[in-house]
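In: sequence below, structure please.
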Amino acid sequence: MSTEITSLSLHDVAAALAKRQLSAVEVTDACLSRMQTLNPVLDCAAEIMAVQARKDARAADALRDTTDNPPPLLGVPLAHKDMYYRAGRISGCGSKIRASFVPDHTSTALSRLDAAGALDIARLNMVEFALGVTGHNDVMPTPKNPWNRDHMTGGSSSGSGVSVAARIVYGALGSDTGGSIRLPAAACGLVGMKPTYGRVSRYGAMPLSHSLDTVGPLTRTIKDNALMMRAISGRDEKDPTSSPLPVPDYLDGIDTGIRGLRIGIPETYFYDDMDPAIEAIVRASLDVLESLGGILVPVKLPSSIAVTNALCGLMTTTEGVALHKDWLKNRWDDYGKQTRNRFSAGLLMPASGYLEALNGRARILADFAAAVFETADVLHTPVIPIPIPTTAQSSDASSANFFALTNLIGRCTRPVNYLGLPGLNVPCGFTGPNLPVSFQLVGRPFDEKTLYRVGQAYETATDWHAQSPNI
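Out: This is a model prediction of the structure:
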């Protein structure tokens, strides 16, 4: 019975709780049981908050008995990446340096999920300081992909991807600076939303790059993702970069279909250096969207798109170095090798290079938007352009091919961060030994709703989201 409960989608378990077909205590016990069984195998959680979770579950059931208007996620177990602050609890950011750091305040994203009634049952492992695309961590446990433990999870929200894919929790908070939600979502066969820059408050989330960081959810289905995004989005006075624009109901109209909607297919950049098997699967998803009434539109991207991968990486490491300057000076040996290598590049970056990257964003975004959104409503791209690399390939920072590999892994996601646009990862198949494949939808600023509508149409016509790892 417990595995039947944990196999439900977030949307469905929320409905079952609302109808009193399940209690929050039952659901929480099922998730905690699965976590305690699988965490020794998968290393997804840094802390399982079982005592507090059970207390909160009892409170959720009591609240449902006493209110006519319960919050939408009341009693639903979720978890968070180990970079979100919760007052009185450790927030280590996957590091030795912050392994005992206890904040005195709670992040806005967690506070909003609390207000929506969700239960926070675990703090999840991640790449050290969120600086890495593979999921590997040199100083803390590295989560293992439940689809194939010999292959990477994607990063940096590695534990978030693993815990949701393994049917331990119904959704998890991640963060995305260069692909850190979409890459683990792609590697673990999940839906992952990197929102528009400013759509979700970053207050109380350990920063990496102030110009690029975004906060978002990883879930099993499109509707699950929309539910979490609806809960966490909106203006926050504690984060001056958060947008005052109103937040739409992402579920409203999500099932209206895509007939007549224009789907852009990039003629350049995104399909360069693609593995043929991955390309075939990604292009097959376009056939499905066309069969549903979507209009496929070839898009010629501006030549400037080719430098956005590098510019995103440059900004990430340069701004990261500024944030870490004291630790880099005084605690260099406490960083893992991969993190030291990335920060070393930032230390060597001249100010002129950083300023060029920062000042070029508006022009490159304007060129991109003119090329794409004057003829298309969304852009459809690959996510990870090669089969999911092995853990051996993706963990050895001393390998001559390591930089080239990580650059390739992030080449389809980093441009979206540099441009500040929303990007949605959608599972669309498998290749090799049980290795998920996904496509990405990129939208206009603050148009996450259209991305969900396209993703929902595809998900309804296929069953990739319903596949689960045999673990």
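
In: how far away is residue 465 from residue 456?
Out: Distance of residue 465 to residue 456, given as CB to CB, to the nearest Å: 10 Å. From N, CA and C alone the C-beta is placed, and that goes for glycine too.

In: joint contacts of these two?
Out: Common neighbours of residue 465 and residue 456, counting by CB atoms under 8 Å, 6 or more residues apart in numbering, are residue 222.

In: any idea whether residue 122 is helix, strand or coil?
Out: For residue 122, the assignment made with DSSP: H, G, I helix; E, B strand; the rest coil gives strand.

In: correct me if wrong: it contacts residue 84.
Out: No: with contacts defined as CB atoms under 8 Å, residue 122 does not count as touching residue 84, sitting 11.6 Å away.

In: the stretch 151-300 of the chain: helices as residue ranges?
Out: Secondary structure of the stretch 151-300 of the chain by DSSP state H, counting those that start in this stretch: the helices cover 158-165, 182-188, 222-232, 276-291.

In: export those to a markdown table and tack on mean neighbour count and distance to residue 406?
Out: Listed next are these as a markdown table, based on neighbours: other CB atoms under 10 Å; distance: least, CB to CB, whole Å:
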| stretch | mean neighbour count | distance to residue 406 |
| --- | --- | --- |
| helix 158-165 | 34 | 14 |
| helix 182-188 | 34 | 10 |
| helix 222-232 | 26 | 26 |
| helix 276-291 | 16 | 17 |
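
In: out of those, which is closest to residue 450?
Out: Taking CB to CB, helix 222-232 is the member of the helices of the stretch 151-300 of the chain nearest to residue 450, at 11.8 Å.

In: can you list residues touching both of residue 122 and residue 84?
Out: With CB under 8 Å, 6+ apart, residue 122 and residue 84 have no common neighbours.

In: how would you label the nearest residue to residue 43 once chain neighbours are set aside: helix, strand or coil?
Out: The shortest distance from residue 43 to any non-neighbouring residue, by CB to CB, 6 or more residues apart in numbering, is to residue 141 (4.0 Å). Under three-state DSSP, residue 141 falls in the coil class.

In: what's the local residue count around residue 141?
Out: Residues near residue 141, counting by other CB atoms under 10 Å, number 16.

In: distance of it from residue 102?
Out: Relative to residue 102, residue 141 is positioned 20 Å away (criterion: CB to CB).

In: distance of the spatially most central residue of the chain from residue 441?
Out: Closest residue to the average C-alpha location of the chain: residue 181 at 1.8 Å, with CA atoms, centre = their mean. Applying CB to CB, the value for residue 181 to residue 441 is 13 Å.

In: picking up where we left off before, residues touching the residue nearest to the centre of the chain, list them.
Out: Residue 181 sits next to 157, 160, 174-175, 192-194, 214, 216-218, 425 when contact means CB under 8 Å, 6+ apart.

In: could you turn the buried ones of those into a ChimeraX selection?
Out: In ChimeraX, this line selects whichever of these come out buried by 16 or more other CB atoms under 10 Å:
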select :157,160,174,175,192,193,194,214,216,217,218,425
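
In: strands - which of the contacts of residue 181 land there?
Out: 174-175, 192-194, 214, 216-218, 425 (DSSP state E).

In: sorry, back to before: pretty sure residue 124 is one of the things the residue nearest to residue 43 touches, is it not?
Out: No: assessed by CB under 8 Å, residue 141 is found out of contact with residue 124, at 10.7 Å.

In: what do these two both touch?
Out: Among the neighbours of residue 141, those also in contact with residue 124 (CB under 8 Å, 6+ apart) are residue 46.

In: which stretches of the chain form strands?
Out: Listed in chain order, the strands of the chain (DSSP E) span 45-48, 77-81, 119-124, 171-176, 191-194, 214-219, 262-266, 295-299, 378-382, 423-431, 435-442.

In: returning to that earlier point: farthest pair in the ones in strands among the contacts of residue 181?
Out: Based on CB to CB, the longest span within the ones in strands among the contacts of residue 181 runs between 175 and 425 and measures 14.2 Å.

In: against residue 136, how distant is the closest residue to residue 398 other than its chain neighbours?
Out: What sits nearest to residue 398 in space, not counting adjacent residues and going by CB to CB, 6+ apart, is residue 337, at 7.5 Å. Distance from residue 337 to residue 136, counting by CB to CB: 10 Å.

In: more neighbours: the two, which one.
Out: residue 136 (24 against 15).

In: that one touches residue 392, doesn't it?
Out: No: under the criterion of CB under 8 Å, residue 136 makes no contact with residue 392, lying 10.2 Å away.

In: name the residue most distant from the centre of this structure?
Out: No residue in the chain sits farther from the centre than residue 66, which is 35.2 Å out by CA atoms, centre = their mean.

In: pLDDT wise, what is that one at?
Out: Listed pLDDT for residue 66 reads 97.

In: do the same with residue 396
Out: On pLDDT, residue 396 comes in at 87.

In: where does the protein dip in pLDDT?
Out: Across the chain, the ranges flagged by pLDDT under 70 are 1.

In: which helix is the longest one in it?
Out: helix 308-330 (DSSP state H).

In: next, give phi and psi for residue 102.
Out: Phi and psi for residue 102, reported as degrees, to the nearest 10, are phi -120, psi 110.

In: which residues touch the closest residue to it other than its chain neighbours?
Out: Nearest in space to residue 102, with sequence neighbours left out and distances taken as CB to CB, 6+ apart, is residue 90 at 5.7 Å. Shown in contact with residue 90 (CB under 8 Å, 6+ apart): 46-47, 99-102, 123.

In: which among these end up buried?
Out: By 16+ other CB under 10 Å, the contacts of residue 90 give 46-47, 123 as buried.

In: can you lay out the residues you listed as CSV showing distance to residue 289?
Out: Supplementary listing: the buried ones among the contacts of residue 90 in CSV, determined by distance: CB to CB, whole Å:
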residue, distance to residue 289
46, 38
47, 41
123, 37
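
In: out of these, which is nearest to residue 76?
Out: So of the buried ones among the contacts of residue 90, ranked by how close each gets to residue 76 (CB to CB), first place is residue 123, at 17.3 Å.

In: measure the nearest residue to that closest one once chain neighbours are set aside to residue 203 for me?
Out: For residue 123, ignoring the flanking residues on the chain, the nearest one in space by CB to CB, 6+ apart is residue 47 at 4.2 Å. Distance from residue 47 to residue 203, counting by CB to CB: 22 Å.

In: also residue 73?
Out: Using CB to CB, residue 73 is found at 20 Å from residue 203.

In: what do you get for residue 419?
Out: Following CB to CB, the distance that separates residue 419 from residue 203 is 23 Å.

In: neighbour-wise, which of those two wins?
Out: Neighbours were counted for residue 419 and for residue 203 using other CB under 10 Å; residue 419 has more, 23 against 20.
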